[in-house]
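Trainee: A predicted structure for the sequence below; I have some questions about it.
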Amino acid sequence: MHNQLEKYLLKIEKQIRSLSEDVRADELREIHSHLELMIAENVAHGNDPDKAVAIALEKFGSAKKVGRNLMRAKRRNHVPWWRVILACLTIIVLPFLIFWTGLVVILKWPIPFVHPSHQAQEVFVSWVIIPIILFLTGWVAECIAPKKGALSVVILCCIAFGAYGTITIIMLIKHVPIHFDFDVVQSFLDLVQLLTLFAGVLGRRRIKEGTLKPKLSIF
């Protein structure tokens, strides 16, 4: 490797030393590959090797700037776990806040699930209002934890099924009678509502990815 190129890569390595060894090696390997192509192109245009390296490094940018840009890009792609936890809490709390605040408190709607006489309203709320609320909730969860919103939904589903299974097992051990009333319509409704939650997550992700310009490199 050319001495000047080696020094350049070492300077970049110092800027990204907080990355894991494997990630750091992969990034340096990719940068080295880009530079080798640029150097070969410069040599093909009639430049001597030393000048070809100098032109390539100058065009690529200062090592410090390249390293900082690389670290900034890595931080953007990293989603801390506290954001995933916050997204989970949002999925739990936000639908209730929107439902009770918007429909019950502000619009003064009678609670359809409490008043049997409002069956038509219950159908409208279950099949229209709640899916819309869940779609918005999924959208917000993806905003809080980019690319991890779906993971938050899966975590909550696992917790819910785990809790339900645990309670069922305890009841069986204690010989408590269990009545399974399978309702096809209600099961389909639950599936629709869950899918709208995922649709909100994926919708936000697609919009966000659509606003980002595709780049072959971060430099």
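Mentor: Right, received. Where do you want to start? Just so it is clear, the model here is predicted, and its values are computed rather than measured.

Trainee: ok now stretch 129-142, how far from the chain's centre?
Mentor: 15 Å (CA atoms, centre = their mean, to the nearest Å).

Trainee: mind listing what's buried in that stretch?
Mentor: In terms of neighbour count (16 or more other CB atoms under 10 Å), stretch 129-142 has its buried residues at 129-131, 133-142. The C-beta positions use only the backbone N, C-alpha and C, and glycine is treated the same way.

Trainee: of those residues, just say which sits nearest to F60.
Mentor: E142 (34.7 Å; CB to CB).

Trainee: and the closest one, how far from K64?
Mentor: Distance, E142 to K64, using CB to CB, to the nearest Å: 34 Å.

Trainee: what about this structure, any weak spots by pLDDT?
Mentor: Residue ranges of the chain with pLDDT under 70: 1, 76-77, 103-121, 178-183, 210-219.

Trainee: which of the buried residues of stretch 129-142 fall within strands?
Mentor: Taking DSSP state E, every one of the buried residues of stretch 129-142 sits outside strands.

Trainee: quick one: which of those residues is nearest to G200?
Mentor: G138 (2.5 Å).

Trainee: who's in contact with that closest one?
Mentor: Taking CB atoms under 8 Å, 6 or more residues apart in numbering, we find G138 in contact with I91, G149, V153, T196, L197, F198, A199, G200, V201, L202, G203, R204.

Trainee: contacts only, for the fifth one.
Mentor: Put plainly, it is L197. I91, L134, F135, T137, G138, V153.

Trainee: and those residues as TSV, adding distance to S20?
Mentor: Below are the contacts of L197 laid out as TSV (distance: CB to CB, whole Å):
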residue	distance to S20
I91	31
L134	37
F135	37
T137	34
G138	32
V153	29
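
Trainee: which one of the buried residues of stretch 129-142 is nearest to A40?
Mentor: Using CB to CB, these come closest to A40 at E142, 42.6 Å.
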